[in-house]
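K.L.:
this one's sequence-less:
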Ligand code: SAM
């Protein structure tokens, strides 16, 4: 029986989505944001931060497999990874699938997101927080990367978005040339930086801005997409490197060993298909 309805922005007040809610499982206000977790009829459990959707049980695997595995499988033997944000643990889960990964630093500013996700969405991290290779730093990612000493083969920026018509987002500084220059310095020569770039269909400005900034800092950049119904249909991703390429060719042999739920030949090809809307 549906109790109420949850309405959240896909693009500020220009486009919103409403989902029927069975139960409001958790509400918590931290020093950084408001965390809500709902049980919904259509999306399963949903994580909201300041009423912006972060993930749903229905399609988080598509988002996280695309964000992590497409760049990761383009590399020979990545050893060290850095995760910016990602407090729900979905990126950690995807990284943990790789035997070559030896060390992961995850920099998440809000311990509350980790705690709530572990309690109410344990399937998202699927035990990855307890993997000895994972090192959680509960602090602001901006100074962490600025002072990074280790070189990373993969840097995954999975922070909250900055929102049109809303200033002072928690992650504002993570979408700047300055931050990307620090990521450049922390990236290994053959490494790849990848970031989520919001909904490329309804919020094209996000992908465009990031591609422009990446182009000012890195010699190589590119983008791809995935089908994420809860984000309004699609999520865009941007990557950048000092020379390494994200392959648009589906790595059949490597992928066969990973039993992905979303990624396959068709969705990998789709990721690099130019959409005309
Ligand atoms: N998949 C989501 C998306 O596409 O928007 C992002 C999920 S993850 C929950 C986003 C995380 O970024 C949040 O837990 C938030 O606390 C974190 N975050 C935001 N700004 C940050 C900062 N400056 N340093 C570290 N973590 C930050």
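P.N.:
Alright, I've got the coordinates. All figures in this text were calculated on a predicted structure; none of them were measured in a lab.
K.L.:
and for the residue in the stretch 1-150 of the chain positioned nearest to the ligand, nearest residue in space, chain neighbours not counted?
P.N.:
At 2.7 Å from the ligand, residue 85 is the closest residue in the stretch 1-150 of the chain, using Cβ to the nearest ligand atom. In short, each C-beta sits where N, CA and C put it, glycine included. In this structure, residue 85 finds its nearest non-sequential neighbour in residue 159, 3.5 Å apart by Cβ to Cβ, 6 or more residues apart in numbering.
K.L.:
please name the bridge partners of the residue of the stretch 1-150 of the chain closest to the ligand.
P.N.:
Listed by DSSP bridges, the beta-bridge partners for residue 85 are residue 158.
K.L.:
and what of residue 8?
P.N.:
Using DSSP bridges, the beta-bridge partners of residue 8 come out as residue 17.
K.L.:
thinking again about what came up before, tally of neighbours for the residue of the stretch 1-150 of the chain closest to the ligand?
P.N.:
For residue 85, the neighbour count with other Cβ atoms under 10 Å is 24.
K.L.:
now swap in residue 27 and tell me
P.N.:
12.
K.L.:
what's the answer for residue 208, then?
P.N.:
By the criterion of other Cβ under 10 Å, residue 208 has 15 neighbours.
K.L.:
can you check the one 10 residues further on too?
P.N.:
Neighbour count of residue 218, defined by other Cβ under 10 Å: 20.
K.L.:
the residue nearest to residue 85 and residue 84 touch, don't they?
P.N.:
Yes - look at residue 159 against residue 84 with Cβ atoms under 8 Å: they come within range, at 5.5 Å.
K.L.:
shared neighbours, these two?
P.N.:
By Cβ atoms under 8 Å, 6 or more residues apart in numbering, residue 159 and residue 84 have these common neighbours: 141, 174.
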